[in-house]
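**Student:** With the sequence up front, the predicted model follows.
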Amino acid sequence: MMENSKEAADAGSFGTEAHFHGSVSKKELVEAARAAVISTADEIVRKRGILLGHVKLFISANGTLKLNMVDPTMGIDMDDKLNDPVVDGEIKYMAAAMGVSDDELENIMMNSLKIIDKAVKLNFKKHEHNHAHNVTFDGV
């Protein structure tokens, strides 16, 4: 019997944090954040046929943005309380999904963050390989 429920479920997880400085239009940042979440979900579906899990993105700046996707056919749950323009913020991005490894999920997610990096230069916190599923997004 496996002790680790993540292994038993054949699930991968990954989370990362980054910060940005400067100003960006709210519309541009929200569109980029939504595109990153959709890109991650679409790539998981492309590889595995279905998204069994979730993709979450949280931005804290002069206001907050919370994005959550559990089913691409239902779209993204969004709680947008960002001010315009968005100034100096932090992004938390995590996903957990069945049928993909931690490394596969990390590659998918880091590639999708390039969409946001085009809108606002992201500075990632020191990368640690901690794939525990204990990342929280304050109510997302």
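**Tutor:** On my side now, so go ahead. Keep in mind the model is a prediction, meaning the values are calculated, not measured.
**Student:** In the protein, where's the longest helix?
**Tutor:** Looking across the chain with DSSP state H, the single longest helix is helix 26-48.
**Student:** Whichever helix or strand comes after that helix - contacts with which helices or strands?
**Tutor:** Counting by DSSP states H and E, the element after helix 26-48 in chain order, helix or strand, is strand 53-61. Helices and strands touching strand 53-61, by 3 or more Cβ pairs under 8 Å, 6 or more residues apart in numbering; DSSP states H and E, are helix 26-48, strand 63-69, strand 86-98. Yep, even glycine has a C-beta here, placed from its N, CA and C like the rest.
**Student:** picking up where we left off before, could you export the longest helix of the chain as PDB, CA atoms only?
**Tutor:** Extracted as PDB, the C-alpha positions of helix 26-48 are listed here (Å, rounded to 0.1, in the frame of the first residue of the first chain):
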ATOM      1  CA  LYS A  26      -4.800  46.000 -15.700                       C
ATOM      2  CA  LYS A  27      -6.300  44.800 -19.000                       C
ATOM      3  CA  GLU A  28      -3.000  43.600 -20.300                       C
ATOM      4  CA  LEU A  29      -2.000  41.800 -17.100                       C
ATOM      5  CA  VAL A  30      -5.400  40.200 -16.600                       C
ATOM      6  CA  GLU A  31      -5.400  39.000 -20.200                       C
ATOM      7  CA  ALA A  32      -1.900  37.600 -19.800                       C
ATOM      8  CA  ALA A  33      -2.700  35.900 -16.500                       C
ATOM      9  CA  ARG A  34      -5.800  34.300 -18.000                       C
ATOM     10  CA  ALA A  35      -3.900  33.200 -21.100                       C
ATOM     11  CA  ALA A  36      -1.200  31.500 -18.800                       C
ATOM     12  CA  VAL A  37      -3.800  29.500 -16.900                       C
ATOM     13  CA  ILE A  38      -5.600  28.500 -20.100                       C
ATOM     14  CA  SER A  39      -2.200  27.600 -21.700                       C
ATOM     15  CA  THR A  40      -1.300  25.300 -18.800                       C
ATOM     16  CA  ALA A  41      -4.700  23.600 -18.800                       C
ATOM     17  CA  ASP A  42      -4.700  23.200 -22.500                       C
ATOM     18  CA  GLU A  43      -1.200  21.600 -22.500                       C
ATOM     19  CA  ILE A  44      -2.300  19.200 -19.700                       C
ATOM     20  CA  VAL A  45      -5.300  18.200 -21.800                       C
ATOM     21  CA  ARG A  46      -3.200  17.900 -24.900                       C
ATOM     22  CA  LYS A  47      -0.800  15.500 -23.100                       C
ATOM     23  CA  ARG A  48      -3.400  13.500 -21.000                       C
END
